[in-house]
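J.: only geometry, no sequence info:
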């Protein structure tokens, strides 16, 4: 039997930093491009998928893709400085090189949401994967109904992509969009205050025909789901994305395994996107 | 299936013949109580009756420590270690360990996601199974792993005159055909011996129960106090997972060389019983307490291998036999099966 046919699962593809933007004190947005021209122009991914980004000699991190594959030639990662690898990544400047594997994960079923309104609810770093969904939906604007985005954080200084979203406010009426940015712990903030759940009924989406995508700390998921179900949204189209420790991204290393005996899942392969029904049938998932 | 006979007097010659197909690893007695697969130097040292080896055969395919790749730090050149894996033979593998390898195959050779390092070794290996006589820890019968119809090249069953051999692969057929002087046709007496032995073997398994509903038993007993009680006794050493034929978690890390000209990525076996198994940057730990990790192993081992419609646990009994705290895996499962969820 020939064994040369197997591709190397762990092969790193060389990519370089094109630009770096400071988003908050802790998060930066990195624009990358693969050095291989063919790969750079053909590499594609779904909203909600992630990559493994490696700084050789330091290590590898699991980061969700925050751009949309509808825009070719580059991809963007929003990276929080939180550990050993991400601290080194934060020091990278344009031209510096990293290794990329992926894309991995199931991603959001954007096709299944076609024809529906979209309600996107992001909290904190959850805005990173949801920005990919938002940009994808804008680039395929005719496929979706009204698109509402609620971006929330504890403090306004932690609102990810706040300026970018503010800059889009001009086009919301023409494009049938709604963008809300709310903070929970800053009483002097001049904009919206409070949790995302308090604003769902003001988004103007049609509960009977709307997909809901939530991304944030796991403890917020059930609150949001309870609220939308109470408002009459269908449980058939509730999605969220989860995180775990991941080392391989291809369902081998076992670190992201979660669930119970009847339903043991690899977050990297079976997720990171799960539905309302997944959560209800898999204790321990959130 | 093809059956043939190897007479006692030809057994050592048979082991020598296997050497022609590659380096032979076989069960050896390594201490007063323990057995393990070791390279065969003298056929006299090979053990044919043993309860279980310390390490399952997974170590030959998924090595405890290995280098995955190397990256040049100046030119970013990517290379994998040059490996020249020669054919090798693992002699004397029990049925539950063969099943264990098939389960590992379903993960490491999942279609489209084959891991090259594992697949290459798997294809170079010749597996010769041997029938085992269960001891008090072996419950492979209730796991449907006490018997295999595939996953081996040859499988030996003891009979009065020596061994009855089942042939399980084209390579197995070749070994028989190319060395026909060693083998004889089976007689009706041999078949009766074989059946008699299997009957005796089946009666020797300490457990006879159905584990069909074990997944549900584990779920509905999620909050059973036994988890806390037993987790308190657990030392968190990871012996149960290291010796498990189907545990396959690994950890990776990068290591630059002293001249900072290149960096290698290494991997070693990891264990879900270790505190940092679910620990992510920023301090969040998805299985923070020992009881979370303890209970997780029982759930993971009893979850479905979707490709094979079986459980990950093959019932070899290693996790119990080698637990320094004396925790009994099946003891906990049987306790849960009988436990009442609601105390009156």
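T.: That came in fine, so what should we check first? These numbers were taken from a predicted model, which means no experiment stands behind them.
J.: element containing the residue lying closest to residue B:153 once chain neighbours are set aside, please.
T.: Among residues not flanking residue B:153 along the chain, residue B:172 sits closest, at 3.9 Å (Cβ to Cβ, 6 or more residues apart in numbering or on different chains). Where you see a C-beta, it was placed from the backbone N, CA and C, and this is true even at glycine. For residue B:172, the element it lies in under DSSP states H and E is helix B:170-178.
J.: beta partners of residue B:27?
T.: Beta-bridge pairing for residue B:27 (DSSP bridges): residue B:37.
J.: what number of residues lie near it?
T.: 24 (other Cβ atoms under 10 Å in any protein chain shown).
J.: what pLDDT does it get?
T.: For residue B:27, the pLDDT comes out at 97.
J.: which ones are touching it?
T.: Going by Cβ atoms under 8 Å, 6 or more residues apart in numbering or on different chains, residue B:27 touches B:35, B:36, B:37, B:38, B:46, B:47, B:48, B:50, B:53, B:91, B:92.
J.: for residue A:176, see how far away it is.
T.: 71 Å (Cβ to Cβ, to the nearest Å).
J.: spatially nearest residue to residue B:270 (excluding sequence neighbours)?
T.: residue B:251 (3.9 Å).
J.: who's the one you found bridged to?
T.: If you apply DSSP bridges, the partners that residue B:251 bridges to are residue B:268.
J.: which residues does the residue nearest to residue B:153 contact?
T.: So residue B:172 contacts B:152, B:153, B:154 (Cβ under 8 Å, 6+ apart).
J.: burial of the closest residue to chain B within chain A, as a residue count?
T.: Proximity of chain A to chain B (Cβ to the nearest Cβ) peaks at residue A:83, 2.6 Å away. Using other Cβ under 10 Å, residue A:83 has 15 other residues around it.
J.: so which bits of the stretch 101-250 of chain A are right by chain B?
T.: A:243, A:244, A:245, A:247, A:248, A:250 (Cβ under 8 Å from any Cβ of the partner chain).
J.: among the residues you listed, which are located in strands?
T.: Residues of these located in strands (DSSP state E): none.
J.: ok, so what distance separates the residue nearest to residue B:153 from chain A?
T.: 16 Å (Cβ to the nearest Cβ, to the nearest Å).
J.: likewise residue B:106?
T.: 11 Å.
J.: now that residue: how far from residue B:99?
T.: 11 Å.
J.: residue A:122 reaches residue A:151, doesn't it?
T.: Yes. Counting by Cβ atoms under 8 Å, residue A:151 is a contact partner of residue A:122 at 5.1 Å.
J.: and the helices in the stretch 151-300 of chain B?
T.: B:170-178, B:188-204, B:214-220, B:225-233, B:239-242, B:290-301 (DSSP state H, counting those that start in this stretch).
J.: please name whichever of those is nearest to residue A:108.
T.: Nearest to residue A:108, of all those, is helix B:290-301, at 27.2 Å by Cβ to Cβ.
J.: quick one: that closest one near chain A?
T.: Yes. Helix B:290-301 lies within reach of chain A by Cβ under 8 Å from any Cβ, at B:296, B:298, B:299, B:300.
J.: next, count neighbours for residue B:31.
T.: For residue B:31, using other Cβ under 10 Å, the count is 8.
J.: using the three-state scheme, assign it.
T.: Of the three states, residue B:31 takes coil under DSSP: H, G, I helix; E, B strand; the rest coil.
J.: for chain A, what is the nearest residue in chain B?
T.: For chain B, Cβ to the nearest Cβ, closest residue to chain A: residue B:281, 2.6 Å.
J.: in space, what's closest to that residue - neighbours in sequence excluded?
T.: Residue B:281 sits nearest to residue A:83 (Cβ to Cβ, 6+ apart), 2.6 Å away.
J.: who's in contact with the one you found?
T.: Residue A:83 neighbours (Cβ under 8 Å, 6+ apart): A:61, B:280, B:281, B:282.
J.: distance of the last one from residue B:155?
T.: Residue B:282 sits 51 Å away from residue B:155, taking Cβ to Cβ as the criterion.
J.: same thing with the second one?
T.: Remark: distance between residue B:280 and residue B:155 (Cβ to Cβ) = 45 Å.
J.: most centrally placed residue in the chain?
T.: Unless you meant another one, I'm taking chain A. residue A:129 (1.2 Å; Cα atoms, centre = their mean).
J.: look at chain B instead
T.: residue B:245 (2.7 Å).
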